[in-house]
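Q: sequence plus predicted model, see below.
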Amino acid sequence: MARPTSKKELLTMSQKNYELLTGFIDSLSEELRNREFNKGTMNRNIRDVLAHLHQWHVMLLDWYTAGLKGIKPDIPSKGYTWKTTPELNKRIWENCQTTDLKKIRKALDKTHSEVLELIKKHSENDLFEKKKYKWTGSTSIAAYLISATSSHYDWALKLIKKGLK
């Protein structure tokens, strides 16, 4: 999948991939939506995958809010580094085990909309210029947004399809 290189592409691909993901899930029977995946993945069902996406949205929104206040956010999360992302993802998985799919889906719909609104309020230059915001380090805010939206939705859809085979 090509990575967006403009604001328009970022919005379009984020929404398109979200609709592909949620459309696929909505097309499944209740039984399939709640079925455990084949072994081999940490995310064992659709709920786990959607909770993962939602929590990464929440983290991104927290980074953005802190960064705008001039605070250096804990990226990816307090106590974790990019090298320890697997442990962070395991914590996300553990924390979602008592939440049902409908609640996770509603939360994901909300944060997806919040992230799209964040994208809309920035110019293309604001989104794609590297080092524009101190909190993004040497990269652009778009790099974070792409990872949390279009690319992540594509990953999620592939994982769900593979898990249900």
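A: Now that the structure is in, tell me what you want to look at.
Q: right, and Glu124 touches Glu9 too?
A: No. Contact criterion Cβ atoms under 8 Å: Glu124 and Glu9 do not qualify, at 9.9 Å. C-beta here means a position set from N, CA and C on the backbone, and glycine is covered the same way.
Q: where's the residue in the chain sticking out farthest from the centre, which helix or strand?
A: Centroid-distance maximum for the chain: Glu31 at 24.8 Å, with Cα atoms, centre = their mean. Using DSSP states H and E, Glu31 sits in helix 30-34.
Q: please name every helix or strand in contact with the very next helix or strand once past that helix.
A: The first helix or strand that comes after helix 30-34 along the chain, using DSSP H and E, is helix 46-68. Applying 3 or more Cβ pairs under 8 Å, 6 or more residues apart in numbering; DSSP states H and E, one finds that helix 46-68 makes contact with helix 30-34, helix 85-95, helix 101-120, helix 141-148, helix 150-164.
Q: closest one to Glu19 among these?
A: helix 150-164 (8.9 Å; Cβ to Cβ).
Q: now stretch 39-52: buried residues?
A: Asn43, Arg44, Asn45, Ile46, Arg47, Asp48, Val49, Leu50, Ala51, His52 (16 or more other Cβ atoms under 10 Å).
Q: thought the first one was touching Lys162?
A: By that I understand Asn43. No. Using Cβ under 8 Å, Asn43 is not in contact with Lys162, being 10.7 Å away.
Q: which residues are common contacts for the two?
A: Phe37 (Cβ atoms under 8 Å, 6 or more residues apart in numbering).
Q: quick one: contacts of the regular element (helix or strand) spanning Ile25?
A: Assigned by DSSP H and E, Ile25 belongs to helix 7-27. Applying Cβ under 8 Å, 6+ apart, the contact partners of helix 7-27 are 4, 33, 46, 50, 105, 109, 112, 115-116, 119-120, 122-124, 127-128, 142, 145-146, 149-150, 153-154, 156-157, 160-161.
Q: one more time with 7 Å
A: 4, 33, 46, 112, 116, 119-120, 124, 127, 142, 145-146, 149-150, 153-154, 156-157, 160 (Cβ atoms under 7 Å, 6 or more residues apart in numbering).
Q: just stretch 46-57 next, same as before
A: By Cβ under 7 Å, 6+ apart, stretch 46-57 touches 25, 33, 43, 89, 92-93, 96, 99, 101, 104-105, 107-108, 111-112, 115, 148, 152, 156, 159-160.
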